[in-house]
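# from the sequence below, what's the structure:
(3 chains)
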Amino acid sequence: MTTPMNDLDALRAELAARETPAMLPALAYTSPEVLAWELREVFAGTWTCLGRVDELLPTGATQAAVAVGDVGVLLTRDDERVRMFANTCRHRGHELLAPGGTSQRQSVVCPYHAWSYDLAGRVVAARGFRDLEGFDPEEHGLVELPVTVWCGWAFGHAARPIGDPGVPDFALHLGAMDGIVAAYRPQDLRLGRRHDYEVAANWKVVAENYHECYHCPVIHPELSRVSPPASGSNYHLSGAWVGGSMQLGQGMTTMSLDGRSGGRPIAGVSPTTIEYVHLLPNLLVSAHPDYVMVHRLTPVAADRTSIECAWYFPPDDLGGLPDPAYAVDFWDLTNRQDWAACESVQRGLASPHFRPGPFAPDEDAVARFDGMLADAYLGRAITATADLGEDPTGIVQ
Amino acid sequence: MTTPMNDLDALRAELAARETPAMLPALAYTSPEVLAWELREVFAGTWTCLGRVDELLPTGATQAAVAVGDVGVLLTRDDERVRMFANTCRHRGHELLAPGGTSQRQSVVCPYHAWSYDLAGRVVAARGFRDLEGFDPEEHGLVELPVTVWCGWAFGHAARPIGDPGVPDFALHLGAMDGIVAAYRPQDLRLGRRHDYEVAANWKVVAENYHECYHCPVIHPELSRVSPPASGSNYHLSGAWVGGSMQLGQGMTTMSLDGRSGGRPIAGVSPTTIEYVHLLPNLLVSAHPDYVMVHRLTPVAADRTSIECAWYFPPDDLGGLPDPAYAVDFWDLTNRQDWAACESVQRGLASPHFRPGPFAPDEDAVARFDGMLADAYLGRAITATADLGEDPTGIVQ
Amino acid sequence: MTTPMNDLDALRAELAARETPAMLPALAYTSPEVLAWELREVFAGTWTCLGRVDELLPTGATQAAVAVGDVGVLLTRDDERVRMFANTCRHRGHELLAPGGTSQRQSVVCPYHAWSYDLAGRVVAARGFRDLEGFDPEEHGLVELPVTVWCGWAFGHAARPIGDPGVPDFALHLGAMDGIVAAYRPQDLRLGRRHDYEVAANWKVVAENYHECYHCPVIHPELSRVSPPASGSNYHLSGAWVGGSMQLGQGMTTMSLDGRSGGRPIAGVSPTTIEYVHLLPNLLVSAHPDYVMVHRLTPVAADRTSIECAWYFPPDDLGGLPDPAYAVDFWDLTNRQDWAACESVQRGLASPHFRPGPFAPDEDAVARFDGMLADAYLGRAITATADLGEDPTGIVQ
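Residues are numbered from 1 along each chain as shown, chains lettered A, B, ... in the order given. Below you'll find the predicted structure:
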């Protein structure tokens, strides 16, 4: 009788035997078991972006239920402080709030047997229990999970409770990406448009595609007209992120079909540069002179990814926003060109004859991203890894 | 290399390490492997209710094909005796009758190669084989399975052939529930209405919800008006069943939106009591002064259950039935309130942070039900377990 | 803790313990794991029929992308020579051509980064790599796979590269079936009609049904009128195929609802015989005096098979074809009768009480087919097995 090696062990064995950098082995992109591990360890278990706080908890809302990797969570806001809990009652496990829902109540009341908690997760009432010997409300508070806010986005670690030594430090996770993105003050920009895509490819195939423009001359004629594919250079700085910048072509003001902007410049940033940075696992920030585009990746299956794409603009003095079409039309077209390529890669790498090929010189950021994931599979924390080998010059060609 | 423990072993290990009663571990509600085991051992392998005999085999029908757990069976009726067989021909495995179908033929003829059997399962003809050396018709009769009829319902054990010592005694399985339900003479009542529901929750979450009214004040305002949630008490008698009774409120005649009955009383039963009893694995009998409601649970997946709900009424002297709406409207509303709660529990207990919480005093029947299942996972027969520790007084508060 | 035996090992253990021929054990028809093994070893790993070359690569086409078992392949045609490659770029795994697509280009260009290859699979260009130390184009050519053409059909072995000693010889695989089918000159016939079916049964249940007419009197009244069910005899010749012939009834010209032909005879073949031969794994050829019907089986799941059925006719001197309805109407009716039986067998053999029954004398070809598969599961190549025990007389009753 053969005892089959599980997929994660097989993946690790293949990675451990490698001598040169290359794409991850096929199992990393095709195995439901590897995805289940990633959802728990890389998504729930690092710092996943949950979205913008002002979209998650609009004015008046005190509670919101969303998912982080494979874990349902309840966000609460109490006197301006945001907290996060496992969205499961300590009595019989009923969700405290329906997923996707929000509430304006000042306490968290389980809809099943009405156990209630305050916004800090402490038991306020458990009908029929209070007088009983052996029931200690202190032992049945909600399970609190780490959450933080940066540049307007909420980031949660949902695999371990707050205080657990296995929770990495957010500042280390973010590293030097802070300096690049914060200049655009994303928290002051406002939502112009949002598209939801579902792509039949692993989330890492989508990320790898984001990290190189070697494919641009072949599949993105429109993009190549406004931003020369060879104009890019990648960062090599501290933090669990990967990315670089590209330059606009001669006479171009922003990324749009005709290179002209329909909006207004963001104060204090370069008028000729686009920053493309990806904070692991799921936040891709593409910062333009006049708008910031954000992709948020949510794995649905080993071969399927849900992608929220949103465009944010600086408002004018009266709070008005430009018509977002000039940015949206350009990137919607480019996104769809990318998704088609990703879906074909997903099918192609499922072949038994697929072997990860050599990286081209322009694929150094793909190599860096795949290396971080390889380290994660082998048991090294992404944040720790990202902090190794920092290059103080910051730019590599 | 790690050898993953299978889900059933992990569940058993977790149960064996427990010190206090609590909900079952999450795996019991979420694992496809645990459900597959239950379908074979708890559904096919105890005494599952197949439905009412007069609905399964209407007048004139001699054969009917249905499923018991994961096993397709053929019911036959021959001179008033009901028999049950595996619904698979002894030649190449073709079904003897299409699932859900009935037949009025006096022999069972396989539709593929016309092997035929009498209604007792003996080979009558096997074309091309009779004269051959080495083919003994006696060795190729249908596989007969245990079946019995009680109060108008058929109950089958489909995992083991008739005569196998592993088949538990039906009378032991039923135990003292007989005395409670037989008083309503369900076999003499007639079908008024039937609803089919599909709920995105494990079948045990549905059963647990049935076994406590601790949630009634929170999610069932209509029910709480006609039957005080605290009016219940649970039985602790012999047999593989769980349940109790509740009382109608002051001035209420039955469970309906206004507490009034649109039918006629069932002779010889209490005018103020509702009996709620659940014969494992799948028959929930809710006996009212004027009608009997029956839920029959069929697991579809670890997180999905099909539920047939039917209302039976005593006919008048001319055989007429009342308009069932007064009972159906009330319970359809209440059912849907319950299903929504069950679906939320199912999602909530899938969280890695879910830990089975303490039972409230009013959840003693849930504790009893979960205890029976825990025993089953640990290898003790449900019937044997149920017969232990009988309390002759019969009622526990 | 129990270590579950995997399905393939359990199947092998059951086969190894057998004493008499019988249907394969239930696992062979129901296990997703067994199907995955078959797709790789029996479909991709022997010689699967891909279809007619003139349909795969119509005039002008130089490239076509299809699947062989679980492997996507690229067929190319270069100066009349057909080649086959893994349909996955050697760089990042993007498919070279979209599945189901064709191309008329003289080179194979990956649509992602424009690596390009000639029709023989050699690297022609890899942008950005040529001048780099350490990149050798010779090491990154397409993975070529064995393909051959016989009687107008293409057959591919997609599990192993060309030259691998594990690739069986096509001539040995085909064996004596060549002499039976080649007489009909299928390559000179032309397509009259094509139907696509999807059947809820394992592909081997469909094949077994094809290999016996013991069921014909029961489910095929129309067929039994034109071709006596007992008129058949089966071949026992070299090669990885199974089949036999049947005779037309008195006064019948072909298989049609009234036994009359609406076409013209195929020159040089028997006017009273139908040949039913099945080259493993997936090509069923039913050769009539006036047309050839072909079923091509593609497993979709353990319990689901896609079936392409096509009818080919000899053209008249002007290249015209007869109205195919006389053949199509008859076989479409008969096909559907068969599919219904197959679907019921699939459900019936999933019963825990199913035991493979004895074969009737008229089921000798089923026994031969199941024996070949049993050998394959036990690690013996189908081709090698098929070549054992050849009976030079060729016909067994």
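# for the nearest residue to residue A:251 once chain neighbours are set aside, what are phi and psi?
Once flanking residues are discounted, residue A:251 sits nearest to residue A:259: 6.8 Å by CB to CB, 6 or more residues apart in numbering or on different chains. Placement of C-beta: from N, CA and C, glycine included. Main-chain dihedrals, residue A:259, degrees, to the nearest 10: phi 80, psi 0.
# and the pLDDT at residue A:259?
Here the pLDDT value assigned to residue A:259 is 97.
# what's the neighbour count on it?
19 (other CB atoms under 10 Å in any protein chain shown).
# who are the contact partners of it?
Applying CB atoms under 8 Å, 6 or more residues apart in numbering or on different chains to residue A:259 gives the contacts A:225-226, A:248-249, A:251-253.
# is residue A:224 located within a strand, as I assumed?
No. Assignment of residue A:224 by DSSP: H, G, I helix; E, B strand; the rest coil gives helix, placing it outside any strand.
# that one: neighbour count?
The tally of other residues near residue A:224 (other CB under 10 Å) stands at 16.
# on that earlier part again, among the contacts of residue A:259, which are located in helices?
A:225-226 (DSSP state H).
# ok, of the contacts of residue A:259, which one's closest to chain C?
Chain C lies nearest to residue A:225 out of those, by CB to the nearest CB, at 17.5 Å.
# do I have it right that the closest one meets residue A:248?
No. Residue A:225 is beyond contact range of residue A:248, at 10.8 Å (criterion: CB atoms under 8 Å).
# just want to know which of those two has more residues nearby.
The residue with more neighbours, out of residue A:225 and residue A:248, is residue A:248; 21 against 13, by other CB under 10 Å.
# got the contact list for the nearest residue to the more buried one once chain neighbours are set aside?
Using CB to CB, 6+ apart and skipping residues adjacent in sequence, the residue nearest residue A:248 is residue A:272, 5.0 Å away. Contacts for residue A:272 (CB under 8 Å, 6+ apart) come out as A:247-248, A:289.
# so how far is the helix or strand hosting residue A:191 from its chain's centroid?
Here residue A:191, judged by DSSP states H and E, is contained in strand A:190-199. Distance, stretch centre to chain centre, for strand A:190-199: 14 Å (CA atoms, centre = their mean, to the nearest Å).
# equivalent analysis for stretch A:102-122, please.
28 Å.
# near chain C, which residues of chain A?
A:1-4, A:23, A:26, A:208, A:214-215, A:217-219, A:341, A:344-345, A:347-358, A:360-362 (CB under 8 Å from any CB of the partner chain).
# I'd like to know which of those residues are buried.
Buried members of the residues of chain A next to chain C, counted by 16 or more other CB atoms under 10 Å in any protein chain shown: A:23, A:26, A:208, A:214-215, A:217-219, A:341, A:344-345, A:347-358, A:360, A:362.
# tell me the residues of the stretch 51-200 of chain A that contact chain B?
A:70-72, A:86-96, A:98-99, A:111-114, A:126-129, A:132, A:135, A:140, A:143, A:145, A:159, A:161.
# how much space separates residue A:44 from chain B?
For residue A:44, the distance to chain B equals 8 Å [CB to the nearest CB, to the nearest Å].
# pLDDT score assigned to the residue lying closest to that residue once chain neighbours are set aside?
Distances taken as CB to CB, 6+ apart place residue A:69 nearest to residue A:44, at 3.2 Å, with adjacent residues excluded. Looking at residue A:69, its pLDDT is 94.
# what's the answer for residue A:130, then?
For residue A:130, the predicted pLDDT is 57.
# now residue A:391
41.
# buried residues, stretch A:240-259. List them.
A:240-248, A:252-257, A:259.
# max-length helix in chain A?
Longest helix in chain A, counting by DSSP H: helix A:325-349.
# I'd like to check the angle between that one and strand A:190-199, please.
20 degrees (axes from the mean of the first three to the mean of the last three CA atoms, to 10 degrees).
# show me what secondary structure element comes after helix A:325-349.
Using DSSP H and E, the first helix or strand after helix A:325-349 is helix A:364-377.
# which outside residues touch that next one?
For helix A:364-377, the external contacting residues (CB under 8 Å, 6+ apart) are A:8, A:11-12, A:15, A:21-24, A:28, A:34, A:41-42, A:204, A:207-208, A:211-212, A:234, A:236, A:240, A:242-244, A:278, A:280, A:359, A:382, A:385-386, A:396.
# what about 7 Å?
Contact with helix A:364-377 is made by A:11-12, A:15, A:21, A:23-24, A:28, A:42, A:204, A:207-208, A:211-212, A:234, A:240, A:242-244, A:280, A:359, A:382, A:385-386, A:396, as judged by CB atoms under 7 Å, 6 or more residues apart in numbering or on different chains.
# by proximity to chain C, which residue of the stretch 51-200 of chain A wins?
residue A:200 (12.5 Å).
# OK, contacts around that residue?
Counted by CB under 7 Å, 6+ apart, residue A:200 has contacts A:303-304, A:343, A:346.
# then residue A:216?
Residue A:216 makes contacts with A:223-224, A:229, as judged by CB under 7 Å, 6+ apart.
# how many other residues sit next to the residue found closest to residue A:359 once you drop the neighbours it is linked to in the chain?
For residue A:359, ignoring the flanking residues on the chain, the nearest one in space by CB to CB, 6+ apart is residue A:367 at 5.0 Å. Other residues lying near residue A:367 total 20 when counted by other CB under 10 Å.
# quick check, pLDDT for the nearest residue to residue A:351 once chain neighbours are set aside.
Counting by CB to CB, 6+ apart, residue C:88 is the residue found nearest to residue A:351 once chain neighbours are left out, at 4.4 Å. We have a pLDDT of 97 for residue C:88.
# list the contacts for residue C:88?
Counted by CB under 7 Å, 6+ apart, residue C:88 has contacts A:348-349, A:351, A:353-354, C:95.
# return the distance of it relative to residue A:345.
9 Å (CB to CB, to the nearest Å).
# equivalent analysis for residue A:24, please.
Distance from residue A:24 to residue A:345, by CB to CB: 12 Å.
# same check, this time on residue A:264
38 Å.
# can you report phi and psi for the closest residue to residue A:280 other than its chain neighbours?
Spatially, and ignoring its direct neighbours in sequence, residue A:280 is nearest to residue A:240 (4.6 Å; CB to CB, 6+ apart). Backbone torsions of residue A:240, given as degrees, to the nearest 10, read phi -90, psi 60.
# next one: residue A:244
Residue torsions, per degrees, to the nearest 10, at residue A:244 are phi -170, psi -170.
# hmm, it is touching residue A:232, no?
Yes. With contacts counted by CB atoms under 7 Å, residue A:244 reaches residue A:232, the gap being 5.4 Å.
# and residue A:35, that's in a helix?
Yes. According to three-state DSSP, residue A:35 belongs to a helix.
# which residue ranges of the stretch 101-250 of chain A form helices?
Residue ranges of the helices in the stretch 101-250 of chain A, as given by DSSP state H, counting those that start in this stretch, are A:170-174, A:177-182, A:203-210, A:216-219, A:221-226.
# what's the nearest residue to residue A:229 if we skip its chain neighbours?
Nearest one to residue A:229, counting by CB to CB, 6+ apart, is residue A:216 at 3.9 Å.
# any weak-confidence spans in chain A?
A:1-4, A:130-133, A:383-397 (pLDDT under 70).
# hmm, try it at 50
Counting by pLDDT under 50, chain A shows low-confidence ranges at A:1-2, A:387-397.
# closest to the centroid, which residue in it?
Residue closest to the average C-alpha location in chain A (CA atoms, centre = their mean): residue A:282, at 1.8 Å.
# ok, now how distant is that residue from chain B?
19 Å.
# residues contacting the closest residue to that residue other than its chain neighbours?
Distances taken as CB to CB, 6+ apart place residue A:297 nearest to residue A:282, at 4.5 Å, with adjacent residues excluded. Counting by CB under 7 Å, 6+ apart, residue A:297 makes contact with A:203, A:206, A:282, A:305, A:307.
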